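>>> missing the sequence, but the structure's below:
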Ligand SMILES: C[S@@+](CC[C@H](N)C(=O)[O-])C[C@H]1O[C@@H](n2cnc3c(N)ncnc32)[C@H](O)[C@@H]1O
């Protein structure tokens, strides 16, 4: 039976071709090491391809997108691309303090009393909120649009839930980065200033 020679496909992998030869003991040990190495590579590759979000998330740590905050036409400060961003890229993680609902309720009231008009509380699940009001990264500046170029997605990384902002279309240099906040409907409305075609008129 013929075997494909993987060393031709990937020159970094040691050759496994042993056809028609008898192998000295020392070489057998090194072949085993090579085989262990390849098994490990296969294991890693299959776990990665099962979870491309995890791969992208790890890449995000090493290769951050070039973005800046600046005055926005939508509201106060916004976040802008400094380099072209392709569709379906991870743009930035929404970072803040992870808090429970009961703490979020208390903080929401306190922030109102302090006159903080903007909301930086992002719900992860029923009892987990990420609060970027006083601790966070540039993601806290992303404004809402009813026709956004990004979307927020909750992914699991080593059992921890993370909020990640992904591009839903190619984004040009100096374009404002936006996503749909998907605020729940409330009686007291917050007017939306996104200016997009088909703007719903309110955030909530
Ligand atoms: C996470 S902050 C976004 C950054 C904010 N512009 C700033 O300068 O800090 C969210 C707040 O921005 C405001 N905001 C974001 N998008 C908006 C929009 N489309 N229309 C009106 N206000 C918006 C709202 O006050 C909202 O609570």
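Alright, I've got the coordinates. In this text the structure is predicted, and so the values were computed from the model without any measurement. Numbering: from 1, shown residues only.

>>> The residue nearest to the spatial centre of the chain and residue 154: what is the separation?
With the centre of the chain defined as its mean C-alpha position, the nearest residue by Cα atoms, centre = their mean is residue 164, 3.4 Å away. Distance, residue 164 to residue 154, by Cβ to Cβ, to the nearest Å: 8 Å. C-beta here means a position set from N, CA and C on the backbone, and glycine is covered the same way.

>>> now do residue 139
Applying Cβ to Cβ to residue 139 and residue 154 gives a distance of 14 Å.

>>> Make sure I have this right: residue 133 is in a helix.
No - judged by DSSP: H, G, I helix; E, B strand; the rest coil, residue 133 forms no part of a helix; its state is coil.

>>> Tell me who's in contact with it.
Counting by Cβ atoms under 8 Å, 6 or more residues apart in numbering, residue 133 makes contact with 96, 107, 111, 116, 120-121, 140.

>>> Show the buried residues in those.
Buried members of the contacts of residue 133, counted by 16 or more other Cβ atoms under 10 Å: 96, 107, 111, 120-121, 140.

>>> Filtering those residues by proximity to the ligand, which remain?
Counting by Cβ under 6 Å from any ligand atom, 120, 140 from these sit close to the ligand.

>>> tell me the phi and psi of residue 105?
Main-chain dihedrals, residue 105, degrees, to the nearest 10: phi -60, psi -40.

>>> Pull up the gap between it and the ligand, please.
Residue 105 sits 17 Å away from the ligand, going by Cβ to the nearest ligand atom, to the nearest Å.

>>> just residue 71 next, same as before
From residue 71 to the ligand the distance is 9 Å (Cβ to the nearest ligand atom).

>>> Does that residue touch residue 80 like I think?
No - taking contacts as Cβ atoms under 8 Å, residue 71 lies outside contact range of residue 80: 9.7 Å.

>>> Which ones among the buried ones among the contacts of residue 133 lie within helices?
107, 111 (DSSP state H).

>>> From the buried ones among the contacts of residue 133, pick the one nearest residue 176.
Of all those, residue 140 has the smallest distance to residue 176: 14.4 Å, by Cβ to Cβ.

>>> how much space between the closest one and residue 199?
22 Å.

>>> quick one: the strands in the protein?
In the chain, the strands defined using DSSP state E lie at 67-71, 77-81, 90-93, 97-100, 121-125, 128-131, 143-144, 150-157, 160-167, 176-179.

>>> low pLDDT regions in the chain?
In the predicted model of the chain, residues 1-34, 41-51 satisfy pLDDT under 70.

>>> Residues of it that sit close to the ligand?
Residues of the chain that fall close to the ligand, judged by Cβ under 6 Å from any ligand atom: 74-78, 117-120, 140-141, 143-144, 192-194, 203.
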